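Asker: Got a predicted model here, sequence first, then my questions.
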Protein chains: 6
Amino acid sequence: MSTFTHIDAEGRVRMVDVSGKWPTLRTATAGGRVTMTPETFEAIRDHRVRKGNVLETARIAGIMAAKRTAELIPMCHPLNLTHAQVDFFPEPETFSIRIEAVARIIDVTGIEMEVLTAVSVAALTIYDMCKAYDKSMTITDIRLLAKSGGKSGDFVRQREKKGETP
Amino acid sequence: MSTFTHIDAEGRVRMVDVSGKWPTLRTATAGGRVTMTPETFEAIRDHRVRKGNVLETARIAGIMAAKRTAELIPMCHPLNLTHAQVDFFPEPETFSIRIEAVARIIDVTGIEMEVLTAVSVAALTIYDMCKAYDKSMTITDIRLLAKSGGKSGDFVRQREKKGETP
Amino acid sequence: MSTFTHIDAEGRVRMVDVSGKWPTLRTATAGGRVTMTPETFEAIRDHRVRKGNVLETARIAGIMAAKRTAELIPMCHPLNLTHAQVDFFPEPETFSIRIEAVARIIDVTGIEMEVLTAVSVAALTIYDMCKAYDKSMTITDIRLLAKSGGKSGDFVRQREKKGETP
Amino acid sequence: MSTFTHIDAEGRVRMVDVSGKWPTLRTATAGGRVTMTPETFEAIRDHRVRKGNVLETARIAGIMAAKRTAELIPMCHPLNLTHAQVDFFPEPETFSIRIEAVARIIDVTGIEMEVLTAVSVAALTIYDMCKAYDKSMTITDIRLLAKSGGKSGDFVRQREKKGETP
Amino acid sequence: MSTFTHIDAEGRVRMVDVSGKWPTLRTATAGGRVTMTPETFEAIRDHRVRKGNVLETARIAGIMAAKRTAELIPMCHPLNLTHAQVDFFPEPETFSIRIEAVARIIDVTGIEMEVLTAVSVAALTIYDMCKAYDKSMTITDIRLLAKSGGKSGDFVRQREKKGETP
Amino acid sequence: MSTFTHIDAEGRVRMVDVSGKWPTLRTATAGGRVTMTPETFEAIRDHRVRKGNVLETARIAGIMAAKRTAELIPMCHPLNLTHAQVDFFPEPETFSIRIEAVARIIDVTGIEMEVLTAVSVAALTIYDMCKAYDKSMTITDIRLLAKSGGKSGDFVRQREKKGETP
């Protein structure tokens, strides 16, 4: 029964101790994309979606979700974001909406999860608002684009496509 | 000032009225994928991630998030899921973890958003648990795989790759 | 010490038992008003508020808050709204925004608190979005306008001003 | 399609960047009022409301809501209140309960929304506890009474009625 | 790598499927106890605790927590309680406060976790309100006292001490 | 009516003002215990519980609950934990699982309630996962084991049993 007694020896989750770290200015940017049919893309563009203004609702949902990241992600440290913004870049050539979220804080831990959560919930909200039209929409390419601040140093993801940030 | 006075004539969001609909058994399945470096994939497989058991934590996070979908997605109807499950299918050939979520309910409205939210938060949790190793992980292919029940009828997404559900 | 022993004999709160009641279709409408300076009123009307689209954000906040009413109001029964909507009626003659919220459900208990909460949080959001311009905005006249369904019967508040609902 | 491409050029909400601001001691006071029938006023006063102690429940609800303000108000910055209190001043001459909330923090952003939310939810709770008696209760005069701290300087609302704070 | 591929074959959590079950009237009662020093017991009894009315605050906290049980307990089904109440029985001979919570619902799944959560959070709140006086308070004997309804049948815990429910 | 007018003179709750206190490193440890039948103890030990990995789920639930303590405990100050961990020590001789939670923060107020809440919710989750087997499980001995930091000084609870922390 030794493995049971030492059940905490391996595989146990914890919220990592960051109490000894020094607060620094931290920023993070995440991106994502929702692809859809041409008809759905045009309905969003022309504000013809019956449920209401798709992108404005998605923007608000993304920002609100960023504030609640630590409730959703089990080992994520709670923190008080001092800036959050979500932007949309409709791309007619691919019938997709590109999403970017940016956040900022002075704290001891990074905010990658906050921007990734903002992008994810903004994307889910676009799906929700349009699903009566198009059940096959797909959410892709949710990833960290850049971060700065903190001991692990800065990170900038390689640009994948022309025109993308960064 | 007429557009301002009739500000509710277009573009206003609402939680659609489903009070006249009849409850039916509804099921939904969503999928997604997290791609990563070979090293991260192996660390998850071998339970060597310092933060703890990655997939078990992601599973629980996904199920808990499914229950709170209506808090995150602004126009989503609140409902009481009667079943939710999240599964992982590691794919060594692509160094990715495929995620599937299934839910079930007898209610007047569908649960697509619940399974999509479960997949998204499970994927975000995998990212969080491994981000010290691999900041370039990417979440892709979040989409509805199947739904049944409700007036709009059943939906089964076309299979994209061999071995995927459905 | 008798009053202490019988501390539950009087003054103790409880969530009233409604388990024996029969579900009926219930609707409720609440109203409220935010008064402001002429300059603030015009800034909202002309979409010149730096924080963003005031009324669209307030609408979403009100609907989302309606869904979480039972978390805020201690003795309020949790329930799953099947419809919620928030509308704004700017009134140039009084430099105020009139707010109305409507909700609907088939359930054993009423939804007065849900529509009153929607109006309150929509009003608070208008305040938040404009407070950099106008700290003296006032929220008034939050009240139930009408309800139907349930054993206590229908209720329609007397019309106070011409043009108001009901 | 230019307006759609530049959809973020105007009217888009954001959580304003306060990461460069310096923490200062901030206080805020808000007021509000619930008016009711003489019978309801006396039932509250005499602790005869069947649901329980009305004002004690409303006080707790108001304080708890203040802590969750940033979940309710979309663009409100999350913060950790270091003091919150809600008081009631029954006014027999108008059959109304006057409400005041006070909060305090050392932070980079103000707490006006926290005290306004505390007053609003306390008022809504009074309504909820008494609505079986009096559906025509009205919530009025929710407004900021005073604030101090922060770059925008102190604010004291003009006294409207004798005996009111400030 | 076979165990990794079949990672869902054992040890994986799920929210059990209850969608095929029939709603029945369900009740549950849970109990618990907070033991303390004689001085703390008397301070609560005499309403001399500086933070406020201890038991009234604990009662409200317990009822509110019952409504949010499914947010706290990962595999707990969300449901809409139709009745919840928390009572306190101060026992001078043991310098302890006995707590009982009762809830009721017509649903497909039981509400044991809801009453156990109500008792736990009520007990934690008593601790919080008095911890400035007495850090050695202990919460004990949290257990299900009785349940009725559902396929698994009724349950009544054996009485342990004279005077206890059931 | 004087007592009613001065309703705030006694017995009113408040969130105590800590805005003048200085941040210090604070740690806290709490313990608890779930007792059960030999059969349930062995089912947990051998991972034969049908709902999934009991202790891993309880660990995650406890850590997540610690982050939300201020939402549950009415007068508890919100704060951002920088470390949280929950461990289990199965004790075969008593057929019980001993639980310990540790947390850490640099802040102006203590975190006793956070570790007590983590232990309580971890215990409730063990109950939930096993209640199909054993409705008579009991949660006991939830208490503060140690704290350090803050003006009130350090606290170490007397050891009750050999082998317990501290």
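Answerer: All right, it came through fine.

Asker: what's the burial count for the closest residue to A:M36 other than its chain neighbours?
Answerer: In space, and not counting its chain neighbours, A:M36 is closest to A:M137: 4.6 Å by C-beta to C-beta, 6 or more residues apart in numbering or on different chains. Where you see a C-beta, it was placed from the backbone N, CA and C, and this is true even at glycine. As a burial measure, A:M137 scores 24 neighbours (other C-beta atoms under 10 Å in any protein chain shown).

Asker: do the same with A:S152
Answerer: The burial count for A:S152: 11, using other C-beta under 10 Å.

Asker: Check the gap between it and chain C for me.
Answerer: 33 Å (C-beta to the nearest C-beta, to the nearest Å).

Asker: would that residue count as being in a strand?
Answerer: No - secondary structure of A:S152 (DSSP: H, G, I helix; E, B strand; the rest coil): coil, not part of a strand.

Asker: wait, doesn't the residue nearest to A:M36 sit right on A:C130?
Answerer: Yes - the pair A:M137 and A:C130 qualifies as a contact (C-beta atoms under 8 Å) at a distance of 6.5 Å.

Asker: which residues are in contact with both of the two?
Answerer: A:M36, A:T40 (C-beta atoms under 8 Å, 6 or more residues apart in numbering or on different chains).

Asker: Can you give me the distance of the residue nearest to A:M36 to B:S152?
Answerer: 15 Å (C-beta to C-beta, to the nearest Å).

Asker: Contact partners for A:I63?
Answerer: A:A84, A:Q85, A:V86, A:A118, D:V13, D:R14, D:M15, D:P74, D:M75.

Asker: Look at A:M129 and tell me its secondary structure.
Answerer: helix.

Asker: residues in chain A within reach of chain C, list them.
Answerer: A:N53, A:E56, A:T57, A:I60, A:A61, A:M64 (C-beta under 8 Å from any C-beta of the partner chain).

Asker: ok, and of those residues, which contact chain D?
Answerer: A:E56, A:I60, A:M64.

Asker: I'd like the distance from the helix or strand containing the second one to the chain centre, please.
Answerer: Using DSSP states H and E, A:I60 sits in helix A:54-67. Relative to its parent chain, helix A:54-67 has a centroid offset of 10 Å by C-alpha atoms, centre = their mean, to the nearest Å.

Asker: tell me the angle of it relative to helix C:54-67?
Answerer: Relative orientation of helix A:54-67 and helix C:54-67, computed by axes from the mean of the first three to the mean of the last three C-alpha atoms, to 10 degrees: 60 degrees.

Asker: Flag the shaky bits of chain A, pLDDT-wise.
Answerer: The model of chain A has pLDDT under 70 over residues A:1-11, A:159-166.

Asker: Tell me how far the spatially most central residue of it lies from chain E.
Answerer: Among the residues of chain A, the one closest to the centroid is A:L116, at 2.2 Å (C-alpha atoms, centre = their mean). Separation of A:L116 from chain E (C-beta to the nearest C-beta) stands at 22 Å.

Asker: So what does that residue have for phi and psi?
Answerer: phi -70, psi -40 (degrees, to the nearest 10).

Asker: doesn't A:K147 make contact with it?
Answerer: No - between A:L116 and A:K147 there is no contact under C-beta under 8 Å: 10.7 Å.

Asker: Nearest to F:G20, out of the contacts of A:I63: which one, please.
Answerer: Closest to F:G20 out of the contacts of A:I63 is D:M15 (28.4 Å), distances taken as C-beta to C-beta.

Asker: List the contacts of the closest residue in space to that closest one that isn't next to it in sequence.
Answerer: Distances taken as C-beta to C-beta, 6+ apart place A:A84 nearest to D:M15, at 4.3 Å, with adjacent residues excluded. Going by C-beta under 8 Å, 6+ apart, A:A84 touches A:I63, A:A66, A:K67, A:A101, A:V102, A:A103, A:R104, A:E114, A:A118, D:R14, D:M15.

Asker: Filter these down to the ones in helices?
Answerer: Of the contacts of A:A84, the ones assigned to helices by DSSP state H are A:I63, A:A66, A:K67, A:E114, A:A118.

Asker: need the strands for chain A, in chain order.
Answerer: A:24-35, A:83-91, A:96-107, A:138-148, A:155-156 (DSSP state E).

Asker: Could I get the ones you listed in CSV, plus columns for distance to D:R45?
Answerer: Below are these laid out as CSV (distance: least, C-beta to C-beta, whole Å):
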stretch, distance to D:R45
strand A:24-35, 53
strand A:83-91, 45
strand A:96-107, 48
strand A:138-148, 56
strand A:155-156, 62
